[in-house]
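A.B. asks: no sequence on this one, just coordinates:
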């Protein structure tokens, strides 16, 4: 089994909409990306049989939802809690189902509100 970690600053990730860089030392490479704009997307093309998306969720934030689609098929949703008193880091936000070992494109869409 081969595993690859792809950081949010990797040039293979294509961002559309409004994205802002942030981060803290506890996060991988001390970086994160976030979008306050509804409908912003992050796309990543990969070859493999599955993908897991990890992220950080800030405390005392308004609720955000991320939609996950692979190869234009909706596959999952993550909705942040509005009651967090401390940020959480390296949180598994979504895991894909098993897929054929071929090229896939993951698109994450941000929904605020």
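C.D. replies: Right, received. Where do you want to start? Note that the structure is predicted; figures quoted are calculated from it, not measured.
A.B. asks: now residue 68: how far from residue 110?
C.D. replies: 11 Å (CB to CB, to the nearest Å). For glycine as for every other residue, the C-beta is placed from the backbone atoms N, C-alpha and C.
A.B. asks: any shared contact partners between these two?
C.D. replies: Common contacts of residue 68 and residue 110 (CB atoms under 8 Å, 6 or more residues apart in numbering): none found.
A.B. asks: Adjacent strands (with direction) for the single longest strand found in the chain?
C.D. replies: The strand that spans the most residues within the chain, counting by DSSP state E, is strand 102-112. Strands that pair with strand 102-112, judged by DSSP bridges, come out as strand 41-48 (antiparallel), strand 64-70 (antiparallel).
A.B. asks: for those, which one sits closest to residue 79?
C.D. replies: The closest of those to residue 79 is strand 64-70. By CB to CB, the value is 4.6 Å.
A.B. asks: Show me what the closest one is in contact with.
C.D. replies: Outside strand 64-70, the residues that touch it by CB under 8 Å, 6+ apart are 51, 53, 74-80, 93-94, 96, 99, 104-112.
A.B. asks: Pull out the buried members of the residues you listed.
C.D. replies: 51, 53, 75-76, 78, 80, 93-94, 96, 104, 106-110 (16 or more other CB atoms under 10 Å).
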